[in-house]
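Mind folding the following:
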Amino acid sequence: MHLVIVESPAKAKTIEKYLGKDYKVLASFGHVRDLPEKNIGIDTDKNYEPQYQILPKAKKTISALKEALARAEDVYLATDLDREGEAISWHLTYALGLNKKKGEPVKRITFHEITKTAIENAVKNPRQIDVNLVDAQQARRVLDRLVGYKLSPLLWKKVKKGLSAGRVQSVAVRLVVEREKEIQDFKPKEYWLIGVVLKKTGQKIEFPAYLVEAEGKPVGKMDIKNAEVAERIEKNLTGASYKVLDVKHEDSIRRPSAPFTTSTLQMEASRKLGFSPKQTMVLAQHLYEAGHITYMRTDSTNLSNEAVGAIRAMVQNQFGVPYLSKSIRNYATKTKHAQEAHEAIRPTHLANLQVTEDRRGQKLYDLIWKRTVATQMSDAIFDILTVKIEGVGESRYVFQARGESLKFDGFMKLYTESKDEEVEEGDQKIPQLQAGEALNFLKMIKDQKFTEPPKRYTEATLVKKLESLGIGRPSTYAPTLDTIQKREYVFLEEKKFKPSEIGTIVTNLLVKHFSTIVDYKFTARMEDEFDEIAEGKLKWTEVIDEFYKPFAETLAKKSKEIDKNEVMPVEELGEACPECGKPLLIRLGRFGKFIACSGYPTCRYSRPIETKADDKNTEVLEGPGVVEDLSKAEHDPCEKCGGKMVLKEGRFGKFLACENYPKCKNTKPIVGKTGIKCPKCEKGEVIERKTKRRKSFWGCSRYPDCDYATWDRPEADSKTKD
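Sure, this is the predicted structure:
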């Protein structure tokens, strides 16, 4: 019997089916050894030697694997083909005692897809464990442990308990914090958009044209800065005549996007399907383990020759020769140090259209399938029409109208990539025009505009930004975004990231006192050095030593220098505590600022910093109905003990709670009304609620009698576009 060890039981089941009865495939259930949970586990005095131990959850697994190993002729380690997978195989050799066996070395096999051909080829061509890849993973693990375990206690001491710092997560939070500061500091600039609505004689089509030249000088988008200039132009055009100066047609070519990498899959699944990076990776993992897609952690855009041939045959058969690209499309990978030997994410069998009963998994598979097939389809061709129009009144002005029409849909027949920001396409209908032709004036366009602040990051744009800076690798984006939300450094509001107050405080402290840790170039350089370790060009212990020695010196120095009152200033409210008479203070707690008595812990009086006036129009769920006026509901008696219900603010926002807490734990959440009747029971009202992750959803006010719920705003069209 031949023993094959993989990471997950789902993968084991699929592979055993392909290898047959002579092979036993078992799962390690991920890592079996790691650094200890309760101490740093790294000996900084002995060349950063990691002190690995068997994970408690893995002890039964190791026993089962050893039992199977005793009956096996040989063993193949078939964990994932990235650095993490290589490290798991390396840890297995020590946990199972394979490193002590004489004779034939450990057989390490990898494959990009779980198909019969790929698995059989891998078994025929085993290799040894790549120690360079293991060292690269060790370097990342050790560095992140040193940063986290050494810096987090300082945050506990100088800010508050329970905080953590991380090499990549802190940089991600910094991006969100700095974007928020840009938004707050943004000063809008006024400009005016000037145009005319025109019509051709005998035609019904009306079309706008916008000013591009005034009195012989070009006019840019923001050149008209105030109402006075706009009004002068309008006055000069009173009674003006309009004629066509020039008509120009040009073809515009649009090419299909490259096949998916890990990051682009996460971005597109976020845009099109509303999936978080974590959801996307979980679903993709299931699809991979079931043999439906290739390995989902990759930064390569390569497709195998066999895959390209199958795709092109499908395009020709299903869409016809005009839709097949004239030559094979190859896509350049933009990511530095990308693993070109790997493949992009693609379906393993193009003929499989329905692969899972899981609705979300099928949606993700459909997205991958369409993107993959579209890569070998023809370009889309647009006809771009540009018309220059002269307007002559007291002065001469030139306007421009632009239209765009699709001549040939090409790959867009199947798939188009979504954009992070919606861009207005020039698809305005314009009638057939000729140079010298007179046009009829209908009305003036004179719109006051203001420049807008930068947009907050979405999950897709934050991943895109991290990738563009070279921070993190395919396997790190999803856990990083998940971690910074769990730590409550950031939260999603209307699908956009906002920093919490504590996230801002921690970021400001790190930027001021530990600038290297959150420096974009430093973090990206560390990723480059990990890559060089993986290529055998650097020793991992030397990389760690170069970072750790100055870091440890800075840490010791800053532990003495940093003043907690500077980091976490306490403000006096100027009011006396209503219970004991001592001064009230504004403090920062786990859930933001609040008012508390300076006599704490003797006096435990506290209240939210918001005033009642701020919340008079907030609706509060009360049983099956909704309280219309919070100012009245706030002091209603508690149904459980008769005490007063008071306004509190917690982890998930404001809520009503009994004043006798903790003896009475009665609470009522605050929700928002929409004025829309529940479409399911037609009795309740659709109200806004929050999940534990601060994500909004809408449900019936009669819950649990009616379980209607939706992620989409009631007014919104929830259909997904391809």
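
only C-alpha atoms for contact and neighbour calcs from this point on.
Will do.

per-residue pLDDT, residue 641?
Note on residue 641: pLDDT of 82.

which residues touch it?
Residues in contact with residue 641 (Cα atoms under 8 Å, 6 or more residues apart in numbering) are residue 664.

For it, pull up the helix or strand it's in.
Using DSSP states H and E, residue 641 sits within no helix or strand.

can you check residue 4 too?
strand 2-6.

my guess is residue 230 contacts residue 192, does it?
Yes - the pair formed by residue 230 and residue 192 meets the contact definition of Cα atoms under 8 Å, at 6.7 Å.

May I see the buried residues of the top helix by length along the chain?
In the chain, taking DSSP state H as the definition, the longest helix is helix 131-158. By neighbour count on 16 or more other Cα atoms under 10 Å, the buried set for helix 131-158 is 131-140, 142-155, 158.

can you give me the helices for the stretch 251-400 of the chain?
Ranges of helices in the stretch 251-400 of the chain, per DSSP state H, counting those that start in this stretch, are 262-273, 277-289, 305-319, 359-374.

hmm, back to that, I'd like the next helix or strand past the longest helix of the chain.
Downstream of helix 131-158 (by DSSP H and E), the next one is helix 169-185.

That following helix: which residues count as buried?
169-177, 179-180.

Could you tell me how far the most centrally placed residue in the chain is located from residue 182?
Here the mean C-alpha position of the chain is nearest to the C-alpha of residue 459 (Cα atoms, centre = their mean), at a distance of 2.3 Å. Distance, residue 459 to residue 182, using Cα to Cα, to the nearest Å: 18 Å.

for residue 387, same thing?
For residue 387, the distance to residue 182 - Cα to Cα - is 38 Å.

so where is the stretch 501-650 of the chain shaky, pLDDT-wise?
589-592, 610-636, 649-650 (pLDDT under 70).

and with 50 instead?
611-634 (pLDDT under 50).

In terms of secondary structure, what does the host helix or strand of residue 526 contact?
Residue 526 belongs to helix 520-534 when assigned by DSSP H and E. Applying 3 or more Cα pairs under 8 Å, 6 or more residues apart in numbering; DSSP states H and E, one finds that helix 520-534 contacts helix 131-158, helix 540-561.

Quickly run through the sheet partners of the strand holding residue 4, with directions.
The strands that strand 2-6 pairs with in its sheet are strand 23-27 (parallel), strand 74-77 (parallel) (by DSSP bridges).

would you list the ones you listed in a markdown table and tack on distance to residue 3?
Converted to a markdown table, these look like this (distance: least, Cα to Cα, whole Å):
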| stretch | distance to residue 3 |
| --- | --- |
| strand 23-27 | 5 |
| strand 74-77 | 5 |
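
looking at those strands, which is closest to residue 352?
Residue 352 sits nearest to strand 23-27 of all the strands paired with strand 2-6, at 25.3 Å, using Cα to Cα.

before we move on, back to that, I'd like the distance between the residue nearest to the centre of the chain and residue 249.
39 Å.

next one: residue 57
67 Å.

For residue 546, grab the count of nearby residues.
Using other Cα atoms under 10 Å, the number of residues around residue 546 comes to 10.

Okay, helices next: where are they in the stretch 501-650 of the chain?
Using DSSP H, counting those that start in this stretch, helices in the stretch 501-650 of the chain cover 501-513, 520-534, 540-561, 564-567, 630-633.

Could you chop this structure up by domain?
2-129, 138-185+456-564, 190-255+380-450, 262-374 (automatic domain parsing).

hang on, the earlier thing: can you put the helices of the stretch 501-650 of the chain in a markdown table and add distance to residue 357?
Shown next, in a markdown table, are the helices of the stretch 501-650 of the chain (distance: least, Cα to Cα, whole Å):
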| stretch | distance to residue 357 |
| --- | --- |
| helix 501-513 | 40 |
| helix 520-534 | 39 |
| helix 540-561 | 45 |
| helix 564-567 | 52 |
| helix 630-633 | 45 |
